[in-house]
Structure formats: structure tokens, C-alpha cells
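A.B. asks: okay, sequence plus prediction incoming.
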Amino acid sequence: MKGFIRILAVLLLFSLAAGCSCSKIGDISLVDYRVENLEPHGMRSISGTVALNLRNNGPTLTFPTLEGEVFRGERRVGSFTLQEPLVIPGPNTSWTDLKAEINLDPEVSVFTIMGMVRKFDASQYQISFDTQVRLGGLRKRIRRDRYPLEKIMKKKDK
């Protein structure tokens, strides 16, 4: 499950870079992260909070919503939803909380997830997502369908 929370953090960074035309807006990097809490809800759902230490060289951004799906090959693994708006202050390096809920598909077992996290290979995964980014009074909606996770992680590393 920690792997999925980490994927959400990388996804947010990617959506900033991919969706905004001003280069300063996309100038955000993940310095560090720590899992604050993970709360399982049965065997199919988990809520979690991850503290993100982000370096934002641009203006303050707000993500009021974010939802999406994770795929491994052709198989859907589950979905995720942001539980609270995420604010990334800028220009600044600071900690902010990412609170999300992850729901696994019925045919995906906890043992499958454990195996996927142990032998994680980003080239096997794709993410579809829909989010909004707010900059002051301006809003931009960003959608991607089955975007390769490997490309997201390469953008983050640059």
C-alpha cells in the first residue's frame, strides 16, 4: 500500500509539470516523504496520509480534487481519491500532507499487492487520473488516460 501512496505523490508532481504552461509552475520536486498513517478498511480499502517535503520554485498551487485508477498491464488494480485539498506553498520548501483513499478491485488480493510492491517495476503500470489545479483564481483541469508510470517517474527524476 505504501507503494500506491508513493505513486500518488509522483502523480501530483507530474500533473503540475504536464498540465501547466508556465515553466515556473512545473518546477516542483519531491525532496522527501514519510508515511504518517495507513488505516485499512477491511481488505479492499485503505486511507492514508503521507507527509511530502516539496520544493516549489513557483507560486502556491492548490489541488481541490484528484481521482484516478492504477493499471498493471491490462488489469485494473484499483482506484484512488484525494480526501482533502492539497496545497503546495511556493516559492518554498515545506512539508504538506497528502491524504488519500485507495480502493482495490475485488479480484486483487492483499498478497498480490505485497508481491507487486516487493518486485516493483514501473514499466508494468499505467495511471489514469482527473485533477484540478488552482493558481489564485485560475483553474486548470488535467486528465490523462493510461499514462505510463515509467514516464511519470522519469519526469520526476529530471
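C.D. replies: On my side now, so go ahead. What you see is a predicted model; the values in this text were computed from it and never measured.

A.B. asks: now the helices for the chain?
C.D. replies: Using DSSP state H, the helices of the chain run over 2-19, 110-118, 149-157.

A.B. asks: so who does Phe32 touch?
C.D. replies: Check again: residue 32 is Asp, not Phe. Leu52, Asn53 (CB atoms under 8 Å, 6 or more residues apart in numbering). In short, each C-beta sits where N, CA and C put it, glycine included.

A.B. asks: then the one 10 residues further on?
C.D. replies: With CB under 8 Å, 6+ apart as the criterion, no residue contacts Gly42.

A.B. asks: quick check: phi and psi on it?
C.D. replies: phi 70, psi -150 (degrees, to the nearest 10).

A.B. asks: confidence score at it?
C.D. replies: On pLDDT, Gly42 comes in at 80.

A.B. asks: numbering from 323 from now on, please.
C.D. replies: All right, first residue 323 from here; so that's Gly364.

A.B. asks: quick check: it vs Thr418, distance?
C.D. replies: The gap separating Gly364 from Thr418 is 29 Å, by CB to CB, to the nearest Å.

A.B. asks: and Glu396, by the same measure?
C.D. replies: Taking CB to CB, one finds Glu396 at 34 Å from Thr418.

A.B. asks: helix or strand with the lowest mean pLDDT in the protein?
C.D. replies: Within the chain, no helix or strand scores below helix 324-341, which has a mean of 54 by mean pLDDT, DSSP states H and E.

A.B. asks: what bridges to Phe402?
C.D. replies: Note on Phe402: beta-bridge partners Gly390, Ile424, judged by DSSP bridges.

A.B. asks: for the chain, which spans come out with low pLDDT?
C.D. replies: 323-348, 432, 439, 474-480 (pLDDT under 70).

A.B. asks: how does it look with 50?
C.D. replies: Where the chain drops to pLDDT under 50, the residues are 338-345, 478-480.

A.B. asks: surely Glu391 meets Arg398?
C.D. replies: Yes: contact criterion CB atoms under 8 Å: Glu391 and Arg398 qualify, at 5.9 Å.

A.B. asks: specify the beta-bridge partners of Tyr447.
C.D. replies: Judged by DSSP bridges, the bridge partners of Tyr447 are Arg394.

A.B. asks: meant to ask about Ile410, not that
C.D. replies: Applying DSSP bridges, one finds that Ile410 bridges with Leu383.
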